[in-house]
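Student: Turn this into a model:
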Amino acid sequence: MTPMTDKARDAEAVSRFVERFAAQLVEAGMTRMPARVFAALLSSDSGAMTSAELGEQLQVSPAAVSGAVRYLSQQHMVSREREPGSRRERYRVHSDQWYEALTNRDAILKRWSDSLREGVTSLGAETPAGRRLAETVAFFDFIQDELTAMMERWREHRERTFGQP
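Tutor: This next block holds a predicted model:
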């Protein structure tokens, strides 16, 4: 039995999945258009589509796709690639997109933690606000340590389960 390709799929079923998963991403805090573009890319066999392909599938304008891809790129959830011999770009979601997105969050937590440490110094560690900020710093430090260890366990698990990336 050969694997089903994008063209052999029920386009309506794919569309329902994309919209359902995008709605869940929106519920978790992502804006609607990036969520739809991400779900569409994630559900394509190649993991890559052009702006025109995304616009056609999602029934949206190239400008809407462009803005969504810009956001997703900033979040390290998709990358841009040039089609060989063309000026057209393809947008790609990688199998490790969740790893990359969480790793990016780790860098954000570090910056927040550094800023909050300055706040503790400015406010005074013994003031109620200073103690509250210090507890937040401790929480972020804890999360960063756990995230680092968890990502290492994920890399090992992924290699055992799926082979080399």
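Student: what's the nearest residue to residue 144 once chain neighbours are set aside in contact with, if anything?
Tutor: Spatial nearest neighbour of residue 144, excluding adjacent residues (C-beta to C-beta, 6 or more residues apart in numbering): residue 109 at 5.4 Å. Where C-beta positions appear, they are placed from N, C-alpha and C, glycine not excepted. Residues near residue 109 by C-beta atoms under 8 Å, 6 or more residues apart in numbering: 140, 143, 144, 147.
Student: Next step: these restricted to strands.
Tutor: Among those, no member falls in strands (DSSP state E).
Student: so which of these comes closest to residue 87?
Tutor: residue 147 (38.8 Å; C-beta to C-beta).
Student: what's the nearest residue to residue 113 if we skip its chain neighbours?
Tutor: residue 140 (4.2 Å).
Student: quick one: residue 17 and residue 124, what's the gap?
Tutor: Using C-beta to C-beta, to the nearest Å, residue 17 is found at 53 Å from residue 124.
Student: Check residue 68 too.
Tutor: Using C-beta to C-beta, residue 68 is found at 44 Å from residue 124.
Student: And residue 131, by the same measure?
Tutor: Distance, residue 131 to residue 124, using C-beta to C-beta: 9 Å.
Student: With neighbour numbers in mind, choose between the two.
Tutor: residue 131 (14 against 11; other C-beta atoms under 10 Å).
Student: Now for the more buried one: which residues touch it?
Tutor: By C-beta under 8 Å, 6+ apart, the residues touching residue 131 are residue 125.
Student: any idea of the pLDDT on it?
Tutor: For residue 131, the pLDDT comes out at 96.
Student: what's the answer for the one 4 residues further on, then?
Tutor: The per-residue pLDDT reported for residue 135 equals 97.
Student: Phi, psi for it please.
Tutor: phi -70, psi -40 (degrees, to the nearest 10).
Student: Quick check: which element contains the residue nearest to residue 144?
Tutor: Here residue 109 sits within helix 97-123, counting by DSSP states H and E.
Student: Let me see the ranges of the helices in the chain.
Tutor: Assigned helices in the chain, in chain order: 11-27, 32-42, 51-58, 62-74, 97-123, 128-162 (criterion: DSSP state H).
Student: and among these, the most buried is which?
Tutor: helix 32-42 (a mean of 23; mean count of other C-beta atoms under 10 Å).
Student: Which residues does that one contact?
Tutor: Applying C-beta under 8 Å, 6+ apart, the contact partners of helix 32-42 are 17-19, 21-23, 25-26, 30, 47-49, 54, 57-58, 60, 64-65, 67-69, 71-72, 75, 77-78, 91-93, 97.
Student: With that, I have no additional questions.
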